[in-house]
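**Q** requesting a structural model of the entry that follows:
(chains A, B, C and D)
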Number of protein chains: 2
Amino acid sequence: MKPGFSAKQVQLLNTAERLFSEKGFDGTSVRDIAEEAGINTAMISYYFGSKEKLMEAIFEQRSLNIREKVDALLNDETLDPLHKMYSLLEEYVEKIMLSKKFHRILLCEQVINKNPAIIGMLAKIKTRNLSSINDVIRLGQKKGIFKKQVDVPMMMNSLIGTISHMLVNMDFYRSYHKMETLTDEEFEKVIKKKLSTHIKIIFKAILTNES
Amino acid sequence: MKPGFSAKQVQLLNTAERLFSEKGFDGTSVRDIAEEAGINTAMISYYFGSKEKLMEAIFEQRSLNIREKVDALLNDETLDPLHKMYSLLEEYVEKIMLSKKFHRILLCEQVINKNPAIIGMLAKIKTRNLSSINDVIRLGQKKGIFKKQVDVPMMMNSLIGTISHMLVNMDFYRSYHKMETLTDEEFEKVIKKKLSTHIKIIFKAILTNES
DNA sequence: TTGAATTAAACAAACGTTTAATTAATTTTG
DNA sequence: CAAAATTAATTAAACGTTTGTTTAATTCAA
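**A** Take a look at the predicted model:
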């Protein structure tokens, strides 16, 4: 999965990620994790140093970096700026839905906000990603397609907020639209499509002047 | 504050709300709460029965009901359907920003999702509020102002998601826009205005066909 | 044979809750 | 209205668990 991690470490990381996302960091004990992973409790301290550092390891492994995607987008001459943003937004939907468990943890951890290592990590990524996105926005403004005044952090706030809140609202949304008969995979495909289409409407309204 | 609660009970509820929102439910001990409230630890069990029921009491006290607002909106003949929705959205921004602490708790609790009493309470409120909002939407559709097909839960998902995510992103947003010199009150006023304006653009794009 | 991996057990600290005793407030009674 | 009786509020201490981490012994692989 990641360089430098043995099979047992990966097993611990995955089990911890699942349990943290279901019961929260403080609601999960190292005994829970070890037992469900089928590994001795002491191995967590042995491998990672502490429960907190195990959490940090999860964050290092999963944090979302979009610079590569943005670079590819900037060099893609087949796409106009708006469709570059559409593609970027689809990347967000895809990546967040692909690591739902981690992003549920992220959601809580941003509220509770006490581990300085994690706070620092998040601030760095946020700033870096925002600066990448600004490159695309400026391009669209130069070409006269995007509005001169765009509140990019606010736009990203709606993007992440919409996807994240769907993460905790999926069951309700599913039953509201009577999609219980679908398999989880089918439903997830529908959700991703709906989110993408929906956020495209939002982005277009925020970025451009036309209808 | 609420009927049937003594001054000491209110003191416990407020202190608990603050600590839960800062450190999470499992990260806060009853000793923390009691000590910061200046009240003996045993009083929590004495008054509320348990730590869990203290949490439930907070939820009962703070949960957001919008039926009254929607009823007033439906009877307001000075407002067209779109501006009814604008007014409703402003109500959401206002109410959520007014009880930030509670909504941070809500954010976590929806992820961790283990107390059946709270799950039930939330599902009920969500369904009730959505049905209220549908009344306004249908009115706009009858008048030919709103699109025939509107995914109302998805729209509400963006509304709540945008406001909620701003709740955990405010510090970053503030420093990004260099608003550290403002007082907290001034900044909060700006944030509310920005959120309202921003979500109005989103709602208009989702609900109507015009630009 | 050396060093890493793994274990069960032990550690002190912290947890939510209960208890039994005491103080304060309220109600009943003479 | 005061004294007595009753109920409610408050306390410090103790309860049994559970917590994250460490230890010291053992197994495994090189």
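
**Q** so who does A:P81 touch?
**A** Counting by C-beta atoms under 8 Å, 6 or more residues apart in numbering or on different chains, A:P81 touches A:136-137, A:139-140, A:143, A:145-146. All C-beta atoms are positioned from the backbone trio N, CA, C, and that covers glycine.

**Q** could you find the closest non-adjacent residue to it?
**A** A:G140 (3.1 Å; C-beta to C-beta, 6 or more residues apart in numbering or on different chains).

**Q** which among the contacts of A:P81 gets closest to B:I160?
**A** A:I137 (25.5 Å; C-beta to C-beta).

**Q** and that closest one, what does it touch?
**A** A:I137 neighbours (C-beta under 8 Å, 6+ apart): A:81, A:85, A:146, A:150, A:152, A:207.

**Q** contacting residues for the third one?
**A** Put plainly, it is A:F146. Counting by C-beta under 8 Å, 6+ apart, A:F146 has contacts A:81-82, A:137, A:140, A:207-208.

**Q** and of those, the nearest to B:A57?
**A** A:L207 (44.6 Å).

**Q** pretty sure that closest one contacts A:V150?
**A** Yes. Contact status for A:L207 versus A:V150: in contact at 6.2 Å, counting by C-beta atoms under 8 Å.

**Q** which one's more surrounded, the two?
**A** A:L207 (20 against 17; other C-beta atoms under 10 Å in any protein chain shown).

**Q** quick check: the closest residue to that one other than its chain neighbours vs A:D76, distance?
**A** Of all residues not flanking A:L207 in the chain, A:F146 sits nearest, at 4.8 Å (C-beta to C-beta, 6+ apart). Using C-beta to C-beta, to the nearest Å, one gets 17 Å for the distance from A:F146 to A:D76.

**Q** what pLDDT does A:F187 get?
**A** The per-residue pLDDT reported for A:F187 equals 98.

**Q** tell me how many other residues crowd it.
**A** Neighbour tally, A:F187, other C-beta under 10 Å: 17.

**Q** hang on, the earlier thing: element containing the residue nearest to A:P81, please.
**A** Element membership for A:G140, per DSSP states H and E: helix A:116-142.

**Q** tell me which strands and helices the helix or strand following that helix is in contact with?
**A** Sequence order places helix A:152-176 as the next helix or strand after helix A:116-142, per DSSP H and E. On a contact count with 3 or more C-beta pairs under 8 Å, 6 or more residues apart in numbering or on different chains; DSSP states H and E, helix A:152-176 meets helix A:81-98, helix A:100-112, helix A:116-142, helix A:184-207, helix B:100-112, helix B:116-142, helix B:152-176, helix B:184-207.

**Q** tell me the gap between helix A:152-176 and the middle of its chain.
**A** Centroid separation between helix A:152-176 and its chain, computed with C-alpha atoms, centre = their mean, to the nearest Å, is 11 Å.

**Q** got the angle for that helix vs helix B:184-207?
**A** Calculated by axes from the mean of the first three to the mean of the last three C-alpha atoms, to 10 degrees, helix A:152-176 forms an angle of 60 degrees with helix B:184-207.

**Q** now do the phi/psi pair for A:N115.
**A** phi -90, psi 110 (degrees, to the nearest 10).

**Q** and the gap between the nearest residue to A:N209 once chain neighbours are set aside and DNA strand C?
**A** Counting by C-beta to C-beta, 6+ apart, A:K147 is the residue found nearest to A:N209 once chain neighbours are left out, at 6.3 Å. The gap separating A:K147 from DNA strand C is 50 Å, by C-beta to the nearest atom of the strand, to the nearest Å.

**Q** quick check: A:K147 touching A:F203?
**A** No. The pair A:K147 / A:F203 is not scored as a contact, 11.7 Å apart, by C-beta under 8 Å.

**Q** so between these two, which is more surrounded?
**A** Of the pair A:K147 and A:F203, A:F203 is the one with more neighbours under other C-beta under 10 Å, namely 20 against 14.

**Q** ok, the contacts of A:I137 vs B:H177, which is closest?
**A** For those, the closest approach to B:H177 (C-beta to C-beta) belongs to A:V152, at 10.4 Å.

**Q** I'd like the average pLDDT over stretch A:26-34.
**A** 98.

**Q** nope, stretch A:43-60 is what I meant
**A** 97.

**Q** list the buried residues for stretch A:132-149?
**A** Neighbour-count burial for stretch A:132-149 flags A:132-133, A:136-137, A:139-141, A:146 (criterion: 16 or more other C-beta atoms under 10 Å in any protein chain shown).

**Q** count of neighbours near A:Y46?
**A** 10.

**Q** quick check: the gap between it and A:Y173.
**A** For A:Y46, the distance to A:Y173 - C-beta to C-beta - is 42 Å.

**Q** who in chain A is up against DNA strand C?
**A** A:6, A:8, A:39-43, A:46 (C-beta under 7 Å from any atom of the strand).

**Q** my read: A:A37 touches A:Q11, true?
**A** Yes. Counting by C-beta under 8 Å, A:Q11 is a contact partner of A:A37 at 5.0 Å.

**Q** more neighbours, the two?
**A** Comparing A:A37 with A:Q11 by neighbour count (other C-beta under 10 Å), the higher total belongs to A:A37, at 21 against 18.

**Q** the closest residue to the more buried one other than its chain neighbours: which element?
**A** Leaving aside its sequence neighbours, A:A37 sits nearest to A:T15 (C-beta to C-beta, 6+ apart; 4.0 Å). Here A:T15 sits within helix A:7-23, counting by DSSP H and E.
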